[in-house]
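J.: A structural model of the following input is requested.
(one chain, ligands or ions: 2)
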Amino acid sequence: MINLQTSLSEVRGIGPKFCEKLKKLNIETIKDLLWYFPFRYEDFSNILKISDLKINQHATISGVIQSIKMRRTWKRRMFIIEALIGDDTGSIKVIWFNQKFLITMLKKGSRVNLAGKIVEAANGGLIMSHPIHEILTYSSGGEQSKKEITDLRHTGRVVPIYPETRGITSKGIRYLLKPLIDKIGEIEDSLPLEILKKSGIFNLDKAIRAVHFPETIEEAKDAKKRFAFEDLFFLQLANLRQKIKLSKERAHSLNFKLDDIKELFLEIPFELTFSQKKTLWEILTDLKKPHPMNRLLQGDVGSGKTIVAILAALVLAGQSKSFDVAQGKQSAFMAPTEVLAKQHYETFKKIFHKFDKGAGLITGSMAKIFCGEGLESDLKKSDLIKKIENSGIKIIFGTHALIQKYVKFKDLALVIIDEQHRFGVKQRAELLKNYKSNNEIPHLLSMSATPIPRTLSLTVFGDLDLSIIDELPKNRKPIITKIVAPDNRDKAYAFIRGQVRKGRQVFVICPRIELTTNDQQQKTEDIFEQPVINKKLWLNNWENVKMVKEEYEKLSTKTFPDLRVGMLHGKMKAKEKNEVMKKFKDGGIDVLVSTSVVEVGVDVPNATIMIIESADKFGLAQLYQFRGRVGRGEHQSFCLLFTESSAKSTYSRLRSLIEAKNGFELAEKDLAIRGPGEFLGEAQTGVPDLAMKAVRNPNLVKTSREAAEKILKGDPKLEKYPLLKSRLELFQKEVHLE
Ligand code: ADP
Ligand code: MG
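T.: Numbering: from 1, shown residues only. Ligands and ions are numbered 1, 2, ... in the order given. Got it, this is the predicted structure:
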């Protein structure tokens, strides 16, 4: 008797060699194999008569092989098998490439089903090209029996196509799977029946069978939907449980008066936007509660998130008059890079020059302390750390180094993480655990400039509360954005030179080169609707892609030999990157050629031109981000989108960048066009593929979240659902949420 845990090596008919190959794909048990899903399907369910075939059709035919022979092409050393197959309406030529073994399998007189594409022959006739075949066995009467038809695996039905890697063919997988699926008993479902019913999704048993051998394409989609729902549901369960857990913890409860805040506003040289005030209020309201805040502050590049976070830290530090200073609490403000950490520190110093409760900067290479106007000094890192330990410093800016264990805080009440998508859920959790003192853990404020569509943030950041800044400060001039065709390149360069002469600086962003193997390519395909990408076509597309080094060479030696051109890319060491970025910021570089690594939050007000090479290769949200790096100063800024493509679709997509009101609008568009990969840094790679894809389906996100909420509301510890609970624990291990 086989069950899900049965090792494939114990299954009759699977040889050790094949087992080895499967093992390389992490497939060792029947369960692993059943959960190895096809990435697309071919609908060969209609068996057509040969006389009805048409060019470009994908079809299955059923007939007898009338002749078959093999020849070899000399130039390309390829084996070609040619056969003639006939049914009662006519016959058609069939060819296979490099499948020598077929000559021994298919004989004149064999009865076969063939499924493949019909193409036009050189002489104008029809050919079936490189089809999948299935040999039909005769039952005693010579007639094909019913059983044989339902037993079809490769033709005459909706055929699953699996990723073909490491010597394992789709056909091989189908061959293995079909008898196993027929033999395995009912597969137990960990999702409660009430949820299945309410959400109208397949139970596990049905879904597994239908995902591999669906009756129709529709059924296959429904099966995939079930698995997507399941992943989303577990993600939501994990997130919500995390949220419940946190709400049971204690945190410092901030006591403040509205007048104190108003007083702080007076020190700021600009008027806060309505959104900034609103989000600050949401944050302060959280800080008032005796439970830890876990909030994500989202806002476009340049929307002014930093000041909002700093204000929260200031209130905690006890800067305002009515506040008992002795009660002042510490805040840690972490940025992903040194440049950014320093920038935040400098901004703080400039605006709140009267702050005398101690502010510090600590990064890999420096340590500074600021205690009020004129009172700034460099000091040894160890001394700064000591001051942090005895609470001599209330607001500390820094990089990751800040959360490394050697920095101890006396009374850390708030942790701010800038550009939060670079930190994973796990790192967030670590952070809180490390700083538990007096039974209190710090409040956590994450910030991100990546406009993440709501469905996606609900899914991956479901443990966080959201605050959104959805307007830019009023003093911003709109950035003039133009699409530049190849013919206008020289004109654009002349314009750039003119701007640099006036003292402005320029970013040039190039896409990374990403050649992929067949494997990766298949992984990126959408299992729901996207057609298979033709690999050759795809590579050709990338040939035009500008590479950073090449572009740097060209710009520095040919186009702008008289200007100072710099380069920045991901392969450089952090220190080199920092140096280049600093030089650019200080005005020592006119034109900075960079990959998309250029730091998200870096503020270079004098940079007024953003050039994006091969702009069509980027997602809209990403383009929007790049553009946000200019337009921060007093001068008019420009964004030039270079593209080699003249396709209408490219233009209309790029034009949405010109028309969009904010990043969120583009993010929604991007999600629809390109899928969620765009929005997530490496930190979130643990999230299951299917859940990621399902994020495009807001309804599924909503129902899964509601289902998770309902279950937890009635039974927070999942005591009534032991199967669900153990499955959830496994899931959390698998996707590294803890
Ligand atoms: P981001 O949200 O991208 O982190 P920053 O906080 O770096 O944006 O703000 C970008 C710039 O805008 C900074 O120089 C900041 O001082 C300035 N700024 C922030 N809020 C306002 C405002 N309400 N009015 C004018 N300028 C502002
Ligand atoms: Mg920022």
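
J.: show me what from the stretch 301-450 of the chain comes close to ligand 1.
T.: Contact residues (Cβ under 6 Å from any ligand atom) of the stretch 301-450 of the chain with ligand 1: Val301, Gly302, Ser303, Gly304, Lys305, Thr306, Ile307, Thr347, Ala449. Heads up, the C-betas are built off the backbone N, CA and C, glycines and all.

J.: typed the wrong thing, it's the stretch 451-600 of the chain
T.: Counting by Cβ under 6 Å from any ligand atom, the residues of the stretch 451-600 of the chain that sit close to ligand 1 are Pro473, Asn475.

J.: just want the residue of the stretch 451-600 of the chain that's nearest ligand 1.
T.: Pro473 (3.1 Å; Cβ to the nearest ligand atom).

J.: from the middle of its chain, how far away would the helix or strand containing Glu706 be?
T.: Glu706 belongs to helix 698-714 when assigned by DSSP states H and E. Centre-to-centre, helix 698-714 and its host chain are 22 Å apart (Cα atoms, centre = their mean, to the nearest Å).

J.: mean confidence for whichever helix or strand comes after that helix?
T.: The C-terminal neighbour of helix 698-714 among helices and strands, as given by DSSP H and E, is helix 722-734. Helix 722-734 shows a mean pLDDT of 85.

J.: the one residue in the stretch 251-400 of the chain that gets nearest to ligand 1: neighbouring residues, count only.
T.: Ranked by Cβ to the nearest ligand atom, the top residue of the stretch 251-400 of the chain for proximity to ligand 1 is Gly304, at 2.8 Å. Gly304 has 19 neighbouring residues, counting by other Cβ atoms under 10 Å.

J.: helices - which of the residues of the stretch 301-450 of the chain next to ligand 1 land there?
T.: Using DSSP state H, the members of those that fall in helices are Lys305, Thr306, Ile307, Thr347.

J.: so which of these is the most crowded?
T.: Lys305 (25 neighbours).

J.: and the strands in the stretch 601-738 of the chain, which stretches?
T.: 607-612, 638-642 (DSSP state E, counting those that start in this stretch).

J.: so which of those is the most packed in?
T.: Across the strands of the stretch 601-738 of the chain, averaging neighbours per residue (mean count of other Cβ atoms under 10 Å) puts strand 607-612 on top, at a mean of 25.

J.: list the strands paired with that strand, with their directions.
T.: As defined by DSSP bridges, the strand partners of strand 607-612 come to strand 505-509 (parallel), strand 638-642 (parallel).

J.: what about dumping the CA coordinates of the last one to PDB?
T.: It refers to strand 638-642. What follows is strand 638-642 as a C-alpha-only set of coordinates in PDB (Å, rounded to 0.1, in the frame of the first residue of the first chain):
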ATOM      1  CA  PHE A 638      13.900  66.100 -16.100                       C
ATOM      2  CA  CYS A 639      13.500  62.400 -16.600                       C
ATOM      3  CA  LEU A 640      14.500  61.000 -20.000                       C
ATOM      4  CA  LEU A 641      13.400  57.500 -20.900                       C
ATOM      5  CA  PHE A 642      15.500  56.100 -23.600                       C
END
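
J.: check the average confidence over that strand, would you?
T.: Throughout strand 638-642, pLDDT has a mean value of 93.

J.: what does that strand contact?
T.: 479-484, 486, 489, 492, 499, 608-615, 623, 626-627, 630, 654, 657 (Cβ atoms under 8 Å, 6 or more residues apart in numbering).

J.: helices of the stretch 551-700 of the chain, residue ranges please.
T.: For the stretch 551-700 of the chain, applying DSSP state H, counting those that start in this stretch gives helices covering 574-585, 620-627, 648-659, 663-674, 689-694, 698-714.

J.: list the buried ones in stretch 580-597?
T.: 580-581, 584-585, 589-597 (16 or more other Cβ atoms under 10 Å).

J.: what do you get for stretch 274-281?
T.: For stretch 274-281, by 16+ other Cβ under 10 Å, it's Ser275, Gln276, Lys277, Lys278, Thr279, Leu280.
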